[in-house]
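Visitor: Sequence and predicted structure are below.
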Amino acid sequence: MKTDTLQPFDFEELFDELWPICRSITGNGLRQSLEILKRVVPIDVREYETGLRCFDWEVPLEWNIKEAWIKTNDGRVLVNFADNNLHVLNYSLPKKGIVSKEELFKHLHSRADLPDAIPYRTCYYAPEWGFCVEHARLTEFKDDKYEVFIDSTLKPGAMTIGEMRLQGESNDEIVFTTYLCHPSMANNELSGPLVQTELFKRLQQRLQRRYSYRFVYAPETIGDIVFLSRNSDELKENMVGGAVLTMLGNDSPMMFEPSGKQDSIFDRAARNVLEHRYPGSSIGSRNPKGRAAQRQYCSPGLKLPLSVLSRALGGSYPEYHTSLDTKSVIHVDRHRQAVGILEDIIDVIEHNEKFINQRPFGEPFMSKYDLSTRIGGERIKPQNLYYKYLLQMSDGDSDLLDIATELNICMLDLLTAAQDLVAAGLLSPAQTTCKTL
């Protein structure tokens, strides 16, 4: 069950260390971020070389950047990468020289609808250079010419992916994956890795785990494709459910979208927990186009059951992909609530079983087992009702989640009643493997 007695790591301290790093889909920023997380949890860091074929893609050139700026004619720095790493088009080619205002504006990105925000823009797969700036500052560009400097490199290297695994009694796996490739944005980047890291720490402390758990930190889309291209056979054999964890720190309600299969053990458990323990959560149906990692896992050739858990599906908050997505957007209690929700879902998964009624002919004499009041006429307590439901519906075919769904209650509310009935010898677990649940 939940490990509430554990001391959580300091979300804010870890956030503050990760925040200033300029991350991308490759490069030293990504490596540095994983090394910081590696001090907290035992991440296995793996490198995949430039040019490596992965399904229809290949690992791109590695990108790194040291410095970038735009100067006016009198030498004043107008835009500086050192002030905010979103000021440079992520994956920008190097650039040095004098350019006209007309030419510069072809490579200058802003958002008129958010004039005080620096937009986050990328050119991963196109040879381009550029800067990003607040739209309200465009009036500051009054010179006819500007000196531009982008000290970046694009050369053969590698893509870095982090992975951890907790072995359970079964090889059946629940997979959690999160993105670690965006520069300094709070909810859109760091909330997912922070929640996933804390979840690993809590699961690691559990003395018993029926299922195995895999945790992946990968660049969005291309990182998922690289990881799947090297692990798809094993995942198709063992993966029974899981979720993308992303954008979990803001004030929006929790949002859930099921996997392509829609009825994986994780899908069923998440729906049950969110409906009954976290009212106000948004529970969607399958999204045909999927989300970034989900599209890869649930693609027709793989059909792996990956769901999405987020507070901002589709970037549904105004600060998304801009410099306004700062620490003020997120809250530690929202991160911890997300970890709590995930632990509840895992509790359902771990304790979901099929049972067989050991006194199937009529109703057992419950008071003989100290499971019923000896004074009749009182209103039946919920726990006694649960006993009756479980005995009536435990035929070896329906698991606890099936029963809870039919009764429209949280499976965790049935769990104690099931354990009481097992202890009394009135129920026994059916001999099933994890995969059949």
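Guide: Perfect, I can see it now.
Visitor: CA atoms for contacts and neighbours, from now on please.
Guide: Noted.
Visitor: Using PDB, list the CA coordinates for stretch 31-50.
Guide: Presented in PDB, the C-alpha positions along stretch 31-50 are these (Å, rounded to 0.1, in the frame of the first residue of the first chain):
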ATOM      1  CA  ARG A  31      23.200  14.100 -20.000                       C
ATOM      2  CA  GLN A  32      23.700  16.600 -17.200                       C
ATOM      3  CA  SER A  33      20.000  16.300 -16.300                       C
ATOM      4  CA  LEU A  34      20.100  12.500 -16.100                       C
ATOM      5  CA  GLU A  35      23.300  12.600 -14.000                       C
ATOM      6  CA  ILE A  36      21.500  14.900 -11.500                       C
ATOM      7  CA  LEU A  37      18.600  12.500 -11.300                       C
ATOM      8  CA  LYS A  38      21.000   9.600 -11.000                       C
ATOM      9  CA  ARG A  39      22.100  10.900  -7.600                       C
ATOM     10  CA  VAL A  40      18.600  10.300  -6.400                       C
ATOM     11  CA  VAL A  41      17.600   7.100  -8.200                       C
ATOM     12  CA  PRO A  42      19.700   4.400  -9.900                       C
ATOM     13  CA  ILE A  43      19.200   5.400 -13.500                       C
ATOM     14  CA  ASP A  44      21.000   3.300 -16.200                       C
ATOM     15  CA  VAL A  45      22.100   5.900 -18.700                       C
ATOM     16  CA  ARG A  46      22.500   4.600 -22.300                       C
ATOM     17  CA  GLU A  47      23.900   6.300 -25.400                       C
ATOM     18  CA  TYR A  48      22.600   5.600 -28.900                       C
ATOM     19  CA  GLU A  49      25.000   6.800 -31.700                       C
ATOM     20  CA  THR A  50      24.200   9.300 -34.400                       C
END
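Visitor: got the contact list for it?
Guide: Residues outside stretch 31-50 that contact it (Cα atoms under 8 Å, 6 or more residues apart in numbering): 17-18, 21, 23, 58-62, 156-164, 180, 197, 200-201, 226.
Visitor: Mind checking the pLDDT average for it?
Guide: Computed over stretch 31-50, the mean pLDDT rounds to 97.
Visitor: starting at the chain centroid, how far to it?
Guide: 17 Å (Cα atoms, centre = their mean, to the nearest Å).
Visitor: just stretch 268-284 next, same as before
Guide: On Cα atoms, centre = their mean, the centre of stretch 268-284 falls 16 Å from that of its chain.
Visitor: buried set for it?
Guide: 268-276, 281-283 (16 or more other Cα atoms under 10 Å).
Visitor: So which of these belong to strands?
Guide: 282-283 (DSSP state E).
Visitor: Can you convert the buried residues of stretch 268-284 into a markdown table and add a column each for distance to residue 151 and pLDDT?
Guide: Shown next, in a markdown table, are the buried residues of stretch 268-284 (distance: Cα to Cα, whole Å; pLDDT from 0 to 100):
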| residue | distance to residue 151 | pLDDT |
| --- | --- | --- |
| 268 | 50 | 96 |
| 269 | 49 | 97 |
| 270 | 46 | 97 |
| 271 | 48 | 96 |
| 272 | 51 | 97 |
| 273 | 50 | 97 |
| 274 | 48 | 97 |
| 275 | 51 | 96 |
| 276 | 53 | 96 |
| 281 | 45 | 93 |
| 282 | 44 | 91 |
| 283 | 45 | 89 |
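Visitor: ok, so what distance separates residue 325 from residue 219?
Guide: 19 Å (Cα to Cα, to the nearest Å).
Visitor: Hmm, I typed the wrong one, I wanted residue 161.
Guide: Noted for residue 161: a distance of 7 Å to residue 219, by Cα to Cα.
Visitor: that older thread, I'd like the buried residues of stretch 268-284 as JSON lines, with distance to residue 77 appended.
Guide: Shown next, in JSON lines, are the buried residues of stretch 268-284 (distance: Cα to Cα, whole Å):
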{"residue": "268", "distance to residue 77": "55"}
{"residue": "269", "distance to residue 77": "54"}
{"residue": "270", "distance to residue 77": "51"}
{"residue": "271", "distance to residue 77": "52"}
{"residue": "272", "distance to residue 77": "55"}
{"residue": "273", "distance to residue 77": "53"}
{"residue": "274", "distance to residue 77": "50"}
{"residue": "275", "distance to residue 77": "53"}
{"residue": "276", "distance to residue 77": "55"}
{"residue": "281", "distance to residue 77": "47"}
{"residue": "282", "distance to residue 77": "46"}
{"residue": "283", "distance to residue 77": "48"}
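Visitor: Residue 371: which of the buried residues of stretch 268-284 is nearest?
Guide: residue 276 (25.5 Å; Cα to Cα).
Visitor: what sits against that closest one?
Guide: By Cα under 8 Å, 6+ apart, the contact set of residue 276 is 409-410.
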